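*Asks:* For reference, the sequence and a predicted model appear below.
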There are 2 protein chains.
Amino acid sequence: MTARLDQQFAFLMEADRLKRVLRATPIADGSRRENSGEHSWHLALYAMVLADHAGPAVSIDRVVKMLILHDLVEIDTGDVPIHSANGQAHGSAEVAEAEARAADRIFGLLPPDIGAPLRALWEEFEANESPDAIFAKSIDRVQPVLHNIASGGGSWTDYNVTFDQLETRVGHKVARGAPAIWDHVRAIALAWFDGR
Amino acid sequence: MTARLDQQFAFLMEADRLKRVLRATPIADGSRRENSGEHSWHLALYAMVLADHAGPAVSIDRVVKMLILHDLVEIDTGDVPIHSANGQAHGSAEVAEAEARAADRIFGLLPPDIGAPLRALWEEFEANESPDAIFAKSIDRVQPVLHNIASGGGSWTDYNVTFDQLETRVGHKVARGAPAIWDHVRAIALAWFDGR
């Protein structure tokens, strides 16, 4: 029991480091960059509140847990901003390998009966094929759009992003899992880019 | 649809302010104080990883959602550190009224069919009577113990806390929902206080 709890707490202490991984996007008031821990919390809340936009095949309980876990590998790999020069490396073999190594190490801190299902949930998110993963990815993509607008530009200003780039890099992915949400946010974003 | 999504996003944007509410306890490396948003994320992960210590009557999916919501009222009321001079006001009528007003305002930003069940989940957590709430409260109490130890004292140093005070204010509450976890963490905390 004690050895098992030591492993569980070693993992939870390691997970704390996600609070020091900074993202390109600011928190909504623009006062500082968001960290990946608080980002993961916010996305879980997004999933709970926007559940009426998930299709009938989606389990919100699984989506919430997926979003709690989805960025843990960034403890080793850092965050790769989608609009940065490296942003198009998202999903490349090199990034996928680095993330798999990170997942080996981080989920490997846990007793296998706990670590294996959590890792499987993370892999399902990354594969972006199941209804739960597709909805979770939509949530992950849409939140930074709202923060960039709220804070007067955020990572769009830093990386000189156009509305067309936003539509390609972000919009199509949000629309895949949550089309009505993208319709709504797209209109807000288009007005913001037009008014710049 | 658009008015409804406006309400959903207004709530989610308001919730972002929880990332600016600072707690007495530091993140594990002691480099800064933890905010209530990232704290809520960490607790949700605790619940997922320590699920084998929840009794058979506990739904971890509900506990995770409860922990995502549990601190939202702090956007209006701030965090009251358990070991501070005001710490024993936890659960007082005055604090409970302020938190109820905060819940009225914050959950009231949502369409009622979404806001009412989320508020009910928060009230269940606060009442600390259901198996889910009792386990969630245990998780909420135990995480700061580990951060204070990891960071060399944290809020215990700031508030001159003794081991007996920790046992009374925190230990009994952790033990109520997760006795084996408190047995484990109590031994670690006792060794830390003895070695000071």
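*Replies:* All right, it came through fine.
*Asks:* Single out the residue in chain A that lies closest to chain B.
*Replies:* Here chain A gets closest to chain B at one residue, residue A:41, 3.5 Å apart by C-beta to the nearest C-beta. Yep, even glycine has a C-beta here, placed from its N, CA and C like the rest.
*Asks:* Surely that residue and residue B:36 touch.
*Replies:* No: contact criterion C-beta atoms under 8 Å: residue A:41 and residue B:36 do not qualify, at 9.2 Å.
*Asks:* Neighbour count for those two, which is higher?
*Replies:* residue A:41 (29 against 24; other C-beta atoms under 10 Å in any protein chain shown).
*Asks:* Tell me, what's the model's pLDDT at the more buried one?
*Replies:* You'll see residue A:41 listed with a pLDDT of 98.
*Asks:* can you pull the contacts of it?
*Replies:* When contacts are counted by C-beta atoms under 8 Å, 6 or more residues apart in numbering or on different chains, residue A:41 is found next to A:68, B:37, B:38, B:40, B:41, B:44, B:68.
*Asks:* Work out for me the element the second one sits within.
*Replies:* With elements delineated by DSSP states H and E, residue B:37 resides in helix B:36-49, which encompasses its position.
*Asks:* Does at least one residue of the helix or strand that that helix is followed by sit close to chain A?
*Replies:* Toward the C-terminus, helix B:36-49 is succeeded by helix B:60-69 as the next helix or strand (DSSP H and E). Yes: Helix B:60-69 lies within reach of chain A by C-beta under 8 Å from any C-beta of the partner chain, at B:61, B:64, B:65, B:68, B:69.
*Asks:* and the lengthiest strand in chain A, what does it pack onto?
*Replies:* In chain A, ranked by residue count with DSSP state E as the criterion, the top strand is strand A:22-26. Counting contacts by 3 or more C-beta pairs under 8 Å, 6 or more residues apart in numbering or on different chains; DSSP states H and E, strand A:22-26 packs against strand A:33-35, helix A:36-49, helix A:131-150, helix A:154-158.
*Asks:* how about the last one: buried residues?
*Replies:* Think helix A:154-158. For helix A:154-158, burial by neighbour count (16 or more other C-beta atoms under 10 Å in any protein chain shown) applies to A:154, A:155, A:156.
*Asks:* Kindly report the same for the shortest one.
*Replies:* By neighbour count, and taking 16+ other C-beta under 10 Å as the criterion, the buried residues in strand A:33-35 are A:34, A:35.
*Asks:* centre of the chain versus it, how much separation?
*Replies:* Mean-position distance between strand A:33-35 and its chain equals 12 Å (C-alpha atoms, centre = their mean, to the nearest Å).
*Asks:* name the helices or strands packed onto that strand?
*Replies:* Against strand A:33-35 (3+ C-beta pairs under 8 Å, 6+ apart) you get strand A:22-26.
*Asks:* mind listing what's buried in the helix or strand in which residue A:185 is found?
*Replies:* For residue A:185, the element it lies in under DSSP H and E is helix A:179-195. Residues of helix A:179-195 classed as buried by neighbour count (16+ other C-beta under 10 Å): A:181, A:182, A:184, A:185, A:186, A:189, A:192.
*Asks:* Surely the second one is in contact with residue A:174?
*Replies:* Yes: Residue A:182 lies in contact with residue A:174 (C-beta under 8 Å); the separation is 4.2 Å.
*Asks:* Mind listing the shared neighbours of the two?
*Replies:* Contact criterion C-beta under 8 Å, 6+ apart; residues shared by residue A:182 and residue A:174: A:138, A:142.
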